[in-house]
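Peer 1: Predicted model and sequence follow; I will ask about them next.
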Amino acid sequence: MSLTVRELMKKSGVTLKDVAIESSLSIPIVCNILNDELVDRVKKNAMDIIVARGKENADLAESITV
């Protein structure tokens with residue numbers, strides 16, 4: 001598993017303020033941009049759960065006799 005940018009920042013002691021100053025952006029904008037990688041991770045996890053539950057529901061439906 002590779003580290004996220006935020007995890008790398010934390011390990012290296014780089015703050016949101018450091019990045020904001022270097023990028024000539026505000027701290028909230030830097031935070032929002034970095035949150036995009038969290039969005040991708042959450043979307044992937046949501047899809048994994050949907051697929052898993054879909055499989056569970058399909059298995060359950062097959063076991064029910066009408």
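Peer 2: Good, I have the coordinates.
Peer 1: Now do Asn45, the pLDDT please.
Peer 2: In this model, Asn45 is scored at 86, pLDDT.
Peer 1: which SSE is it in?
Peer 2: Asn45 is part of helix 27-63, with elements assigned from DSSP states H and E.
Peer 1: Check which helices and strands that helix is in contact with.
Peer 2: Judged by 3 or more C-beta pairs under 8 Å, 6 or more residues apart in numbering; DSSP states H and E, the packing partners of helix 27-63 are helix 5-12, helix 16-23. No exception for glycine: its C-beta is placed from N, CA and C like everyone else's.
Peer 1: The last one packs against which elements?
Peer 2: I take that to be helix 16-23. On a contact count with 3+ C-beta pairs under 8 Å, 6+ apart, helix 16-23 meets helix 27-63.
Peer 1: related to what we said a few turns ago, worst average pLDDT in the helices and strands packed on helix 27-63?
Peer 2: In terms of mean pLDDT, the lowest-scoring of the helices and strands packed on helix 27-63 is helix 5-12 (a mean of 91).
Peer 1: buried sites along it?
Peer 2: Using 16 or more other C-beta atoms under 10 Å as the test for burial, helix 5-12 gives Met9.
Peer 1: Put together CSV for the helices and strands packed on helix 27-63, with distance to Val42 on each row.
Peer 2: Formatted as CSV, the helices and strands packed on helix 27-63 follow (distance: least, C-beta to C-beta, whole Å):
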stretch, distance to Val42
helix 5-12, 14
helix 16-23, 20
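Peer 1: Quick one, which of these gets closest to Asn35.
Peer 2: Closest to Asn35 of the helices and strands packed on helix 27-63 is helix 5-12 (C-beta to C-beta; 8.9 Å).
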